[in-house]
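# quick one, what's the 3D model for this:
(one chain, ligands or ions: 1)
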Amino acid sequence: MRLRLPPKVSFILDILERHGFEAYAVGGCVRDLVLARTPNDWDVTTSARPEQVKACFRRTVDTGLKHGTVTVMLEKDAFEVTTYRIDGDYSDSRHPDSVVFTSSLEQDLLRRDFTINAMAYSDRGGLVDISGGMRDLQKRVIRCVGSPDRRFGEDALRVMRAVRFAAQLGFSIEPATAEAAARHASGLSRVSAERIAVELLKLLTSPYPEMILEMRRLGITARVLPEFDRMMETPVATPSSLPGDTVGAHTVRALRAMPEDRILRLTALLYESGKPETAETDEFGWTHFPEYWTAGARIADGVIRRLKLDNATRKAVTNLIGGLAFIPETDAASVRKSMHLVGPESFDDYLALLWADKAADRNGEAVRDDDPDFMKINSLYDRERQILRMGDPLSVKDLAVDGTDLESLGYRGPEIGEFLKGALDEVLGDPGKNTKEHLLALASERKGAG
Ligand code: CTP
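Have a look, this model is predicted:
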């Protein structure tokens, strides 16, 4: 089989071979090439030792010499070149405690997690596939290389990787691999939050985010996202809900309806997380979740902190969830108020959340043009565009007066903020009132009255 490597990768293999070493593209990039997907990065495995790799290239970075990795820089592109190695145990489930270099490509391939990730390729050596990676790509299964218990025992994060690859590729997990994954899910408690977050986000932004259900089945969410298990255990009974529906199942339908965007999918995952603790059942047996968004924003905040994601992500997600407290009507004043509350730059995301929530209510049925909920969301989009076109004021900084104007009228300290907030409320309702004359007159009138 012949695969097309990018010229820079061929160049690296070529140089190493000319110096008498073996060298192959390996792992995820070979898998992606066979699947005609674009690889995220290009890894090279070689019989050369790190110092020998360094001697072959002009610009290198010592990325992880202890683990055999040298980064070769070609112009602005970086390529990780790693010496054939056999890993020791990952006692911290993060890095192997020790690595032993080997001169055998086969041994290097046998330490890898899944058969589809354990293939190497070079133009000279062809495809090296000793674990049946091609067969499993054709069968569309994720299967461990050799003993699944050993592979998961070496690094418990692989339990999440199995599900994440299944979600990205639309594959299933081979039964013996899945059974071993369930046995090793408890090992995730030793894995760093950062590595867990990477896998969770890759799963969420994949074409099959519903594979989070597989994570639950294997006991992964119980360790890394118990909030989701609680959602799955919380029943929903409304006149339009499916028999046996749960908050978690509704969330999964919302996830599927959301575009494959990090913030949007994370918001879809967490916006109903406040429902378990606010659930009430009325005398007819219907469920209600009063102000679930307040609890949801708090829970989402905690989850995102625990996963050690960045503050901007945390703020964006919690703000979108908090925005559910005021779902606007389609008139301009309501939409301006809502845009102010969620932030004008987040309003498209907010409408996407409303859309996904309604799509989840419809149990995944196709959206009909005459559906009133979707017609309303479309009108909200139109209204938003109109407001942006008009340049209507949406925040305090858009007001025609500022703190200095107010100081000259005798306003001091917190009075200034208070007045501006009141003035904003007024101009959100009627942008025509956003003139200096009107607001100054209002300010002096209020001052006089106070
Ligand atoms: N690998 C492994 N066990 C891990 C992580 C990685 O065996 N816990 C091996 C696999 O052979 C994998 C390769 O190292 O293919 C590169 O790992 P990584 O870059 O994390 O994943 P990719 O397979 O390249 O997938 P992607 O970049 O698409 O996430």
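
# and the biggest helix by length in the chain, what's buried?
The residue-count maximum for a helix in the chain (DSSP state H) belongs to helix 372-390. Within helix 372-390, the residues scored as buried using 16 or more other C-beta atoms under 10 Å are 374, 377, 380-381, 383-384, 387. (Each C-beta comes from the backbone N, C-alpha and C, glycine too.)

# again, but for stretch 396-404
398-401.

# can you give me the end-to-end distance of it?
14 Å (C-alpha to C-alpha, to the nearest Å).

# pLDDT of it, averaged?
Mean pLDDT, stretch 396-404: 95.

# the residue most central in space within the chain: what secondary structure?
Centrality entry for the chain: nearest residue to the mean C-alpha point is residue 201, 3.1 Å, by C-alpha atoms, centre = their mean. Applying DSSP: H, G, I helix; E, B strand; the rest coil to residue 201 yields a three-state assignment of helix.

# measure it to the ligand for me?
In this view, residue 201 and the ligand are 11 Å apart by C-beta to the nearest ligand atom, to the nearest Å.

# now do the same contact list for the closest residue to the ligand within the chain.
Sorted by distance to the ligand under C-beta to the nearest ligand atom, the residues of the chain start with residue 28, at 2.2 Å. Contact partners of residue 28, counting by C-beta atoms under 8 Å, 6 or more residues apart in numbering, are 39-41, 43, 117.

# please name the nearest non-neighbouring residue to residue 73.
Spatial nearest neighbour of residue 73, chain neighbours left out: residue 59 (4.1 Å); criterion: C-beta to C-beta, 6 or more residues apart in numbering.

# that neighbour: neighbouring residues, count only.
Applying the criterion other C-beta atoms under 10 Å, we find 11 residues in the vicinity of residue 59.

# in this structure residue 281 contacts residue 287, no?
Yes: judged on C-beta atoms under 8 Å, residue 281 makes contact with residue 287 at a distance of 5.6 Å.

# for those two, indicate the residue with more neighbours.
For the pair residue 281 and residue 287, the greater number of neighbours falls to residue 287 (17 against 11), based on other C-beta under 10 Å.

# nearest spatial neighbour of the more buried one, skipping sequence neighbours?
Per C-beta to C-beta, 6+ apart, closest to residue 287 is residue 237, 5.0 Å.

# name the residues of the stretch 51-200 of the chain found near the ligand, please.
112-113, 117-118, 155, 157-158 (C-beta under 6 Å from any ligand atom).

# filter these down to the buried ones and hand me the ChimeraX line.
With 16+ other C-beta under 10 Å as the criterion, this ChimeraX line picks the buried residues out of those:
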select :112,113,117,118,155,157,158
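
# looking at pLDDT only, which of the residues of the stretch 51-200 of the chain next to the ligand scores worst?
The minimum pLDDT among these falls on residue 155, with 94.

# how far away is it from residue 163?
15 Å (C-beta to C-beta, to the nearest Å).

# you'd agree residue 68 is up against residue 83?
Yes: using C-beta under 8 Å, residue 68 is in contact with residue 83, at 3.7 Å.

# show me where the chain has its strands.
23-26, 43-46, 60-64, 69-74, 77-83, 85-87, 99-101, 120-122, 126-128, 141-142, 172-173, 280-281, 287-288 (DSSP state E).

# what comes up buried for stretch 140-152?
Result for stretch 140-152 [16+ other C-beta under 10 Å]: buried residues 141-145, 148, 151-152.

# what's the end-to-end length of that stretch?
First residue to last in stretch 140-152 (C-alpha to C-alpha) measures 20 Å.

# common neighbours of residue 68 and residue 83, please.
Shared contacts of residue 68 and residue 83, counting by C-beta under 8 Å, 6+ apart, come down to 49-50, 101.

# from these, pick the one nearest residue 72.
Using C-beta to C-beta, residue 50 comes nearest to residue 72 of the shared contacts of residue 68 and residue 83, at 11.2 Å.
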